[in-house]
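> Fold the following, please.
(one chain, ligands or ions: 1)
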Amino acid sequence: MNGLWSKVGCRATIAQMRYSPERTRDCAAWLVGRQATVVGIVRHGAYALIELDGEREESPGGVLRWPVHWDDLEIYNSLPQPGQADVYRLGLSKGTRRAIQHAVPADSTVSLCGMRARPLPLLEWSLPFVPTAARACSECVLELEQRAKLAAVSGRTSPEPR
Ligand SMILES: [Zn+2]
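Okay, the predicted model is just below:
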């Protein structure tokens, strides 16, 4: 299961639709070939939870997140900032038409851009913040990039523990 968690945050293409759950396979014609981001793990590691690129309105039933079998995905193992993004939890802010995804430090309920955001629990875990997600907060992404630059300058690979 640990190996699977390293795939959360990776970009993926839906390559085929042979082993995924029936509900996902029902939309195979629409899903195969789409680009997505792995945002979680479901069914005890059997499936990846992916979030499709694009707008909710374009998706079947307005659903952007689908459980897809790992073997139906082509995953690119290049995280944008290895060791950086995964220490921030995903927090959602409401009030706008669509929930924006903010980066929330592990010990806080306030995001990097200063928003009060609620962490989004999925099963037992919190979801990591994914800078490449379609609805990632641009201010949080900027702040993450600046912290990554600082970390690179000081030769660190992870943020200062507190
Ligand atoms: Zn933010």
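> Quick check: the residue most central in space within the chain vs Ala29, distance?
By C-alpha atoms, centre = their mean, the chain has its centre lying nearest to Val39, at 3.5 Å. Val39 sits at a distance of 23 Å from Ala29 (criterion: C-beta to C-beta, to the nearest Å). To be clear about C-beta, it is placed using only N, CA and C from the backbone, and glycine gets the same treatment.
> Give the helix, strand or coil label for the residue nearest to the centre of the chain.
What DSSP: H, G, I helix; E, B strand; the rest coil gives for Val39 is strand.
> Contact partners for the closest residue to it other than its chain neighbours?
Once flanking residues are discounted, Val39 sits nearest to Glu51: 4.7 Å by C-beta to C-beta, 6 or more residues apart in numbering. Applying C-beta atoms under 8 Å, 6 or more residues apart in numbering, we find Glu51 in contact with 36-37, 39, 64-65, 133-134.
> now with 6 Å?
36-37, 39, 64-65 (C-beta atoms under 6 Å, 6 or more residues apart in numbering).
> three-state assignment of it?
Assignment for Glu51 (three-state DSSP): strand.
> On the strand side of things, show who it bridges to.
Legend: beta-bridge partners of Glu51 under DSSP bridges are Thr37, Arg65.
> picking that back up, can I get the buried part of the contacts of Glu51 as one PyMOL selection?
Here is the PyMOL command that picks out the buried ones among these, judged by 16 or more other C-beta atoms under 10 Å:
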select buried, resi 36+37+39+64
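> where exactly do the helices run in the chain?
Per DSSP state H, the chain carries helices over the ranges 2-5, 22-25, 28-31, 138-153.
> Nearest to Asp72 among the contacts of Glu51?
Ala36 (11.1 Å; C-beta to C-beta).
> residues contacting that closest one?
12, 50-52.
> 8 Å instead?
Taking C-beta under 8 Å, 6+ apart, we find Ala36 in contact with 11-14, 50-53, 68.
> Residues of this protein that sit close to the ion?
Residues of the chain lying close to the ion (C-beta under 5 Å from the ion) are 102, 111, 113, 137, 139-140.
> pLDDT and neighbour count for those - can I get that in CSV?
Output for these, formatted as CSV (pLDDT from 0 to 100; neighbours: other C-beta atoms under 10 Å):
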residue, pLDDT, neighbour count
His102, 88, 29
Ser111, 88, 27
Cys113, 91, 17
Cys137, 91, 24
Glu139, 92, 16
Cys140, 92, 25
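> Look up the residues forming beta bridges with the residue lying closest to Trp5 once chain neighbours are set aside.
Take Trp5 and drop its neighbours on the chain: the residue closest to it by C-beta to C-beta, 6+ apart is Ile41, 6.8 Å away. Applying DSSP bridges to Ile41 yields these beta-bridge partners: Ala48.
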